[in-house]
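*Asks:* Next input, structure requested:
(chains A and B)
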Amino acid sequence: MSTSSETPAVPEVKGERPQSIVTRQVVRELERALGRERVISTPEELIAYEFDGTIERGKPQAVVFPETTEQVAVAVKIAHRFDVPVIPRGAGTGLSGGAVATIGGVVIALTRMKRILEIDAINRLAVVEPGVVNLDLSGAVAKHDLYYAPDPSSQRACTIGGNVAENAGGPHCLAYGATTNHVIGMELVLADGEVVWAGGRTRDVTGYDLAGAFVGSEGTLAIATKIIVRLLKVSESTRTLLAIFDRVEDASNAVSAIIAAGIVPAALEMMDRNIIRAVEPVLHAGYPLDAEAVLLIEVDGLEEGTIEEADAIVRICRDHAAREVRIAVQQEERELLWAGRKTSISALGRLYPNYYVLDGVVPRTRLPEVLRETYAVADRYGLAVANVFHAGDGNLHPNLLFDERVPGITAKVLEAGAEIMRLCVEAGGSITGEHGVGLEKRDFISWIFNETDLASMGKLKRAFKAGEHYNPCKAFPTHKGCGEVSQAQVQRAAAAMGAEIYV
Amino acid sequence: MSDVAVASRIDEFVAAVRSVVEPEHIYESRLGRFEVDGMLPDVALAPRTVEELVACLSEAHETGLSIIPFGGGTHIGAGNVPESYDVAVSVERINRIAAYEPADLTITAGGGLRLQDLQAVLGARGQFLPLDPPSGGGATIGGVLAANAYGPRRHAFGTARDWLIGSRVVHADGTVSKGGGRVVKNVAGYDMPKLYVGSFGTLGVIAEATFKVAPLPKLEATVVVACDSAHAACTLLFAAHDAGLALHAAELLSPPATSAVLGEHRWMILARAAGGAGAIDRSLRELHEMAAGLQAAFEIRDSAQTWRSWNDAFKPGALSLRVIVMPSSVADAIEVLDRRLVGSAPLLSATVSAGVIRAQLEPTREARAGVLIERTREVAERYDGTVVVDAASPAVKRLIDVFGPLRPDFAIMKRLKQEFDPARRLAPGRFVGRL
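*Replies:* You can find the predicted model right below:
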């Protein structure tokens, strides 16, 4: 989403945007270098690559499917030589338009690079290609009682490469951190085709932490072609608790009280009334329809530890007027409690034909007031809002619900969304906790970073020789030539939104 | 530049900063505490605010003077010998806690705040920053970040990069930039704070840092397990790690290190169990059983005293090295090091799960130090590892790159330094590849 560009362009972050468009000649070169079976370029074939998990769209002129680092480098070099944009892409589940070819160009789809190259169980690491699906990695190392911790809700589909680009989070990053805490080294293809390793198999590589700075760079600095990730041991015991509240306020206060008691649960999620009302009729999870909020809390570790922590959490929830607290220990029961959370967004489709997912962060203690104000903003715009979010780390996901057939409603949704983002920033938070800035929020970034801050980021970009070749018009305030997403585009796209959206 | 030219520039600089920094915090004599590798600056300053720091840096930049940012000076022995050193800029007075909301588990403080003072403030609210470098009391958070210093708690908590969520940095030309923020989860903009961790002040001076913090464990217990060999000890440690025992630290000490820390000449595991009563009981019980299986002696020790002794033994000394290998190679590497470095009273302590082996050496003669570093590097290479020299005499350091061989991404690092500090005013020559 993009609002009026009152923000001046910040030339320091920007290099020179690629000037050329992809011609037949570029496509022919790509085909010659990679083989015809690894390049698509007809309009029908390209349709699937026009969008990601957002309402943004942009048509690439070619999509290539490299299978090796060398093929990535060759494709990048060709794009560089012809001065056309390169848009790296994983599974396309992103929620900020990061994989959308805003001004056209060559999409490099990394989905065929999906080999797990090495599992080093003793040292608890794996070397993977970027197209490996998040959950497949955990599946492949399960025989060693290991798993890969970051668990974005799209984990059945999203790729490790995409996770790296967005610094993806998930419910369990409260205790275990986001992607950046689990990726220690990467083989990178720079914008001119140079292949270089940043980081390595240990965290103690000397020099600047370029691997650390690369994670979350949203495809603007380089393409990761091999990724070294840390793996964690599966805990011997996990307890999942579901606490039902009559007041959102009480649930928020219970969240703060749990943290204040010195407990950092593995996950601490909240769902509000609209989510409950969407989920319950589908799932029959036993959420009372008149409840205002549900907390989903998980603790893991040694059996003795999870018993202690779960007991303490039950006490705290009761002290904060929880109507009911359920505990599940066995895997199946736990999954049932999680089911409501995991299907919550798609269940919203029952209430309204369209929804728009926001991603903001506030300091945990500001949650109650920001939630209150979020409801007020939605009210003011006459929109329904359903909140499902990572309460433990203050990461909100308000979903604005609407019917795009109502004239003028999409504009309202975008405005209300921007206003809610503003609330987060004013509460001392951020415009994105895990979905990325991408296309949607590039103009909001100046709410939290000034020109000097952005200029220093531009220096990192130049150090990577990235220019604007990789993923132009993303992650930073727009400059001329990036264009605005037109209302018509937004409306067309909103109409096409399906159930396969994750938060 | 002639000495006379430098002297006149210094005079010009001092005259200019007098209007900014209070005169009693401009030091032109007794500069011993600002020594770096045997070099003294011509002047040292301790600005009180970020604005004053900005003025100092831009003035030095314009005057063409080189600067070494100073925290508590506890890790100043790390890094290569500076190419030039005109001005020391101490951040010790920029030490205000700008924001601390315990329920948010975050804290924002000036780079000059001493780590122990930060811990005291957090401790009063039942929290802590799980970084425990062996630094002595003087280390500042800015210094700990710049040196990427860590201690035994790394076993459970990782390094500074995992806890730093926001930074405010003053660059060589006096510009100030912010990175990250004050919330624990944030993906807006590039993750700039990561770049300053371990940057040794070469990209900018860390004026303010925001950390996420952790609740203090309810209970702690420190245990020692005497083992017959490094291999036996590592087998036990891997088993404990796999069992998910609640250990916040798990070090393997060589016999001389055990002598220094605990007064016994044995391979020894030194572990800190932490958590709730149930988790601690269970962890101690299982450790005890594992030890019994190896016929290894198991004892509970006083936590504070034991770790203080460890800290004293492993804070930067005459020759302090850090060997980085894969965890699975630690047992082999540490046994070989123990043999190969014999005669230099090598104290070795390994954070096994992280693959880090610290070596504290007492070279009898200057010439011997170079040989010891060389030998340690040979051993590390045998296990695909690297060696970082955390402290050594200037004469020895002049002959080597203390960070070891250049990494493949050095070209990017070089461009990054060029972008942030093209005139090489900040800690010139101190970093990897003498950047």
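*Asks:* Need the nearest residue in space to B:Leu122, chain neighbours excluded.
*Replies:* Excluding the flanking residues, the one nearest B:Leu122 by C-beta to C-beta, 6 or more residues apart in numbering or on different chains is B:Phe128, at 5.2 Å. All C-beta atoms are positioned from the backbone trio N, CA, C, and that covers glycine.
*Asks:* what does the stretch 301-435 of chain B have sitting close to chain A?
*Replies:* Taking C-beta under 8 Å from any C-beta of the partner chain as the measure of proximity, the stretch 301-435 of chain B contacts chain A at B:322, B:324-328, B:354-356, B:386, B:388, B:403-404, B:407-413, B:415-416, B:418-420, B:431-433.
*Asks:* that older thread, the residue nearest to B:Leu122 contacts B:Ala120, correct?
*Replies:* No. In this structure B:Phe128 lies outside contact range of B:Ala120 using C-beta atoms under 8 Å: 9.8 Å.
*Asks:* returning to what we had before: show only the entries of the residues of the stretch 301-435 of chain B next to chain A found in strands.
*Replies:* B:Arg322, B:Ile324, B:Val356, B:Thr386, B:Val388 (DSSP state E).
*Asks:* so who does B:Glu59 touch?
*Replies:* Taking C-beta atoms under 8 Å, 6 or more residues apart in numbering or on different chains, we find B:Glu59 in contact with B:Phe13, B:Ala16, B:Val17, B:Val20, B:Gly174.
*Asks:* picking up where we left off before, out of B:Phe128 and B:Ala120, which sits in the busier spot?
*Replies:* More neighbours surround B:Phe128 than the other of B:Phe128 and B:Ala120, with 19 against 11 (other C-beta atoms under 10 Å in any protein chain shown).
*Asks:* For B:Arg154, see how far away that one is.
*Replies:* 14 Å (C-beta to C-beta, to the nearest Å).
*Asks:* name the element B:Thr222 belongs to?
*Replies:* Per DSSP states H and E, B:Thr222 falls inside strand B:219-227.
*Asks:* Quick one: name whatever helix or strand follows that strand.
*Replies:* helix B:230-242.
*Asks:* hmm, who's touching that following helix?
*Replies:* A:122, A:145, A:233, B:225, B:227, B:247, B:250, B:252, B:254, B:267-269, B:271, B:283, B:286-287, B:290-291, B:294, B:296, B:327, B:330-332, B:334-335, B:338, B:352-353.
*Asks:* Buried only: go through those for me.
*Replies:* Buried by 16 or more other C-beta atoms under 10 Å in any protein chain shown: B:225, B:227, B:247, B:250, B:252, B:254, B:267-269, B:271, B:283, B:286-287, B:290-291, B:294, B:296, B:327, B:330-332, B:334-335, B:338, B:352-353, out of the contacts of helix B:230-242.
*Asks:* all strands of the stretch 1-150 of chain B, in order?
*Replies:* Assigned by DSSP state E, counting those that start in this stretch, the strands in the stretch 1-150 of chain B fall at B:26-27, B:43-45, B:67-70, B:87-90, B:97-101, B:106-110, B:127-128.
*Asks:* Include distance to A:Ile345 and mean pLDDT when you put the ones you listed into CSV, please.
*Replies:* Shown next, in CSV, are these (distance: least, C-beta to C-beta, whole Å; pLDDT from 0 to 100):
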stretch, distance to A:Ile345, mean pLDDT
strand B:26-27, 60, 96
strand B:43-45, 55, 97
strand B:67-70, 47, 98
strand B:87-90, 51, 98
strand B:97-101, 30, 96
strand B:106-110, 28, 98
strand B:127-128, 34, 98
